[in-house]
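Asks: Sequence plus predicted model, see below.
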Amino acid sequence: MRQIHLRTFICLIFCFSSCLAFSQHKIIGTVVDSTNGDGLQGARISLLNAKDSVFKQAVAQVGGHFVLDRLPNAAYTLVLTYIGYKQSRQSVKIEDEDLNLKLSLSTAFTMLDAVSITVAPPPVIVKGDTTEFSAAAYKTEAYADADALVAQIPGVEIDAEGKIKAQGEDVQKIIVDGKEFFSSDPAVALKTLPADVIDKIQLIDEKSEQSKLTGFDDGNRRKIINIVTKPDRRHGYFGRMAGAIGNEDRYNTGGFLNAFDGDRRISGNILSNNINQGSFSSNELVGASSRGGRGGDGGSGGGIGPNHRMAINYNNTWWKEVEFNADYHFNNADKELIRTANREVLMTDEANQFNLSSQQTNRNNQGHAASVRVVFKRDSTQRLTVNPRINFSSGKTTNTNDTRTLDALQELINTSNRENRGNNDAFTIGGSIDYGLRLNNKGRSVSVHLENNYNRNTNEAFALSYNMFYEGGAMNRSDTVNNRNDSRSTSTLWNTRLTYTEPFGAHARFMGNVSHRTNNSYSDRRMYDFLLETGQYSELNRELSNEFRNDYKFYGAGLNYQYSSESFLFDLGIDYQQAKMANDRIFPEVTNASHQFINYLPNANLMYRFSRDRRIRFNYNTSTNPPNVLQLQDVINNQNPLNITGGNPNLKQEFRHTFSLNYNSVNRASGANFSVGMNGELTNNRIVNSTIIAAVDTFILDNVLLGKGAQFTRPVNVNGYYSLRANTSFGIPIEALKINLNANTTLHHNRDVGILNELVTHTNTFGINQRIGINSNISRKIIFSLSYSGNYNMVRNSSNSDLSNNSYNQQIRNDITYIFWKGLRVASSLNYRYNTGLAAGYDQSFLLWNASIGKKLFKKEEAEITLTAFDLLNSNTQITRNITERYIEDSQSNILQRYFLLSFTYNLRQFGGRGMRQMR
């Protein structure tokens, strides 16, 4: 009976939607200039009823296009208005069909004698899912990078690593003039474009490819930034080159160059230095005006060493139908890391242990990455996208480590002196093909997605360690590990998906999909012990060697019902999944195991627009995540005798529930924006580490001994993990003070689950983060910013009710640049950091001060010579805290301290061609 009622209810909903669809119609039109036929974006369309009152309104979008929907049969008056044009009125009648209209407006002007009127562009315009800011409303120093301008947009934040947030959301991609531009790294795009070529900055909630094809909004969005360049800057050359030398053989050199010729665009970015600027996102080329550069303070993670990077991007459009984009990235880094750490291991019913370590790591990494994206558009009904990718990386690592483990009374449990060396190569090739076809009826479409990826990893690792174990403070025994581990793994992924959509009236549709995925993984690990007799790693250790194959096959089908209108979107669906996982061990003994999983995955989307400026959106999704081959491979790795690891062939796939609720509003008059949101995750069968800490010497295998105080870790499935996060973001320009204010508050709660000595434990982490910052908009001669961020964290562990750990850190930063008499440029950056609640010796506060003085050269001031001092107070420190379900660790790493650089910078600007004027 309950099922009958449910089916009846669903049918009533569909019938109601169908009745609405068939009794109402719409007007689809275009507003153009009567003289040249150009679309008039921003024209206002008002539909009046018989009583001459406004029944419905719309604003023309790109190309002058507009839609007035949900119109019952009746006679109306259509009124068109646009600034600078004569008002137009005409009668229209809806009679059981949609209307398609092309409307024109003629200009209205009065000739004035010798009068010139300049109107400043509005600071912000809201167009559907796009919030557009005029670059002319913000001031930057001459020859500044794009990030100096973007950082002034209300609601946009760029951290010291180049990560971009807009209206409280992470920016996934940056495009230029609507086209791909260094799509693999948004921060590279901001470092390759100068601010003075930018006309507009658009924050876009980009729809999915499926939505673009069908015309129905499925609620799947991602935040992107579109940089619109000035028309007279789309033909020419522009860029920057810089070089610097300093004391202690420090150097920093690099630059970028763009060659634009309409649709054909070539861009390059290169850097080489030994001051720890390891990426374009953190690179502030000496002498350049750029926002938020770290100035060689070490970057995250610490360590010191040279970095060499290059990126190239090529864009073009052929035959007006084919868009071509290609990227290539190269990097080479050689870093020495010296690190000390204090780890408190959270025990269950026993006193906690303390692990003190000091290590030195030398690591050399080299990588190549290339991708191509080709989009073929055959009118508006067909779209083919081909996106091949290839990556190759290699690395060499040498690590020495001294570790001591102590009990709560600070008595020794064990010590270890280790040296590890390794060589690693990784290769990935793959890509995707997407084809979409819109059929006769609007909303009826077919789309196909095909994806393939092949990965190969090889690794050779050597381990030599001397380990001592203590009883009552006195040494009980010692052992030595000396072996070589050769491993090779491959995986091949095929993923296909077919989607069909069928309209159900003017605003509703059904969407069905079928999918298939296979992932074949293989791993071969061979352990060889060192033989003193031969002086070689020649004895195969069968117990610590393993050859393993995993085959994962996935079949799925789903059905969604979607209702979409101008102000409301509703999407409800469910997917069926059947997955089969086969695990085959080939060596040292042949074993076979298989698992089958059947899941039903519901999903829901809800979006409501209160107006063009305010909206609320809710999203709920479920998904599965299978274990990888390394987690499944049943082999012991004892290269670190104090932390031995193993795999688990009986792992199940994870089942995740995620939700998000977000509200956004924008004030078109001032540019102020406000967003508030909450998101969460609940995971069943979460893959976590199960750890055994040996109270006494214990054999894991016949010849593998887990010493007292050492750990054996393997992955298992558990339930009970969840995370919650709430965030508010607010940005507003304050015209009276000529500044932009951004504020961001985040509350978070994580409940991690772990297993220690076969007892399930829970670690609850509560935290609050507050950030507030201002950026100046005073003039091109005075650039000013001030920011504060504070983080407060509380950790509670269920296995020890007396354990309570609170920590707090804060950062205050001030950057100011002043340009005065004949191009003299003085800059200062103050960064105060304060930590408390960390382990003994790690609660530190320090003030980092970078300063420079420079002189602009030549008639257009396109060059500059600068003397820069980094860390004038010689106080720079790198301290981090890491919290897991098993331990709390505080660490400190080596980092660059006081040094000086003398630099020369030259900015290139050469525009023209096709009637464009030379830049003056």
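Replies: Ah, there it is.
Asks: Run through the residues that contact E419.
Replies: Neighbouring residues of E419 by CB atoms under 8 Å, 6 or more residues apart in numbering: T398, N399, T400, N401, A463, L464, S465. For every residue, glycine as well, the C-beta is placed using N, CA and C.
Asks: Which helix or strand contains it?
Replies: In the assignment (DSSP states H and E), E419 maps to strand 412-438.
Asks: Repeat that for H516.
Replies: strand 508-531.
Asks: neighbouring strands for that strand, and are they parallel or not?
Replies: strand 474-503 (antiparallel), strand 536-540 (antiparallel), strand 546-564 (antiparallel) (DSSP bridges).
Asks: now the helices: where do they sit in this structure?
Replies: In the chain, the helices defined using DSSP state H lie at 2-23, 146-150, 186-192, 209-214, 629-632.
Asks: Could you find the closest non-adjacent residue to the residue nearest to the spatial centre of the chain?
Replies: Residue closest to the average C-alpha location in the chain (CA atoms, centre = their mean): Q172, at 5.3 Å. Nearest non-adjacent residue to Q172, counting by CB to CB, 6 or more residues apart in numbering: R222, 4.6 Å away.
Asks: As PDB, could you dump the C-alpha coordinates of the strand holding H516?
Replies: Presented in PDB, the C-alpha positions along strand 508-531 are these (Å, rounded to 0.1, in the frame of the first residue of the first chain):
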ATOM      1  CA  ALA A 508      11.400  19.200 -16.700                       C
ATOM      2  CA  ARG A 509      13.300  16.300 -18.000                       C
ATOM      3  CA  PHE A 510      14.400  12.700 -17.300                       C
ATOM      4  CA  MET A 511      18.000  11.800 -17.500                       C
ATOM      5  CA  GLY A 512      19.200   8.200 -17.700                       C
ATOM      6  CA  ASN A 513      22.800   6.900 -17.800                       C
ATOM      7  CA  VAL A 514      24.700   3.700 -18.000                       C
ATOM      8  CA  SER A 515      28.400   3.300 -17.200                       C
ATOM      9  CA  HIS A 516      31.200   0.800 -17.100                       C
ATOM     10  CA  ARG A 517      34.600   1.000 -15.500                       C
ATOM     11  CA  THR A 518      37.500  -1.500 -15.300                       C
ATOM     12  CA  ASN A 519      40.800  -1.000 -13.400                       C
ATOM     13  CA  ASN A 520      43.400  -3.600 -13.800                       C
ATOM     14  CA  SER A 521      46.400  -3.200 -11.300                       C
ATOM     15  CA  TYR A 522      49.500  -5.200 -11.000                       C
ATOM     16  CA  SER A 523      52.300  -4.900  -8.400                       C
ATOM     17  CA  ASP A 524      55.600  -6.900  -8.000                       C
ATOM     18  CA  ARG A 525      57.700  -6.300  -4.900                       C
ATOM     19  CA  ARG A 526      61.000  -8.300  -4.300                       C
ATOM     20  CA  MET A 527      63.000  -8.000  -1.200                       C
ATOM     21  CA  TYR A 528      66.700  -8.900  -1.300                       C
ATOM     22  CA  ASP A 529      68.800  -9.300   1.900                       C
ATOM     23  CA  PHE A 530      72.500  -8.300   2.000                       C
ATOM     24  CA  LEU A 531      74.900 -11.200   2.200                       C
END
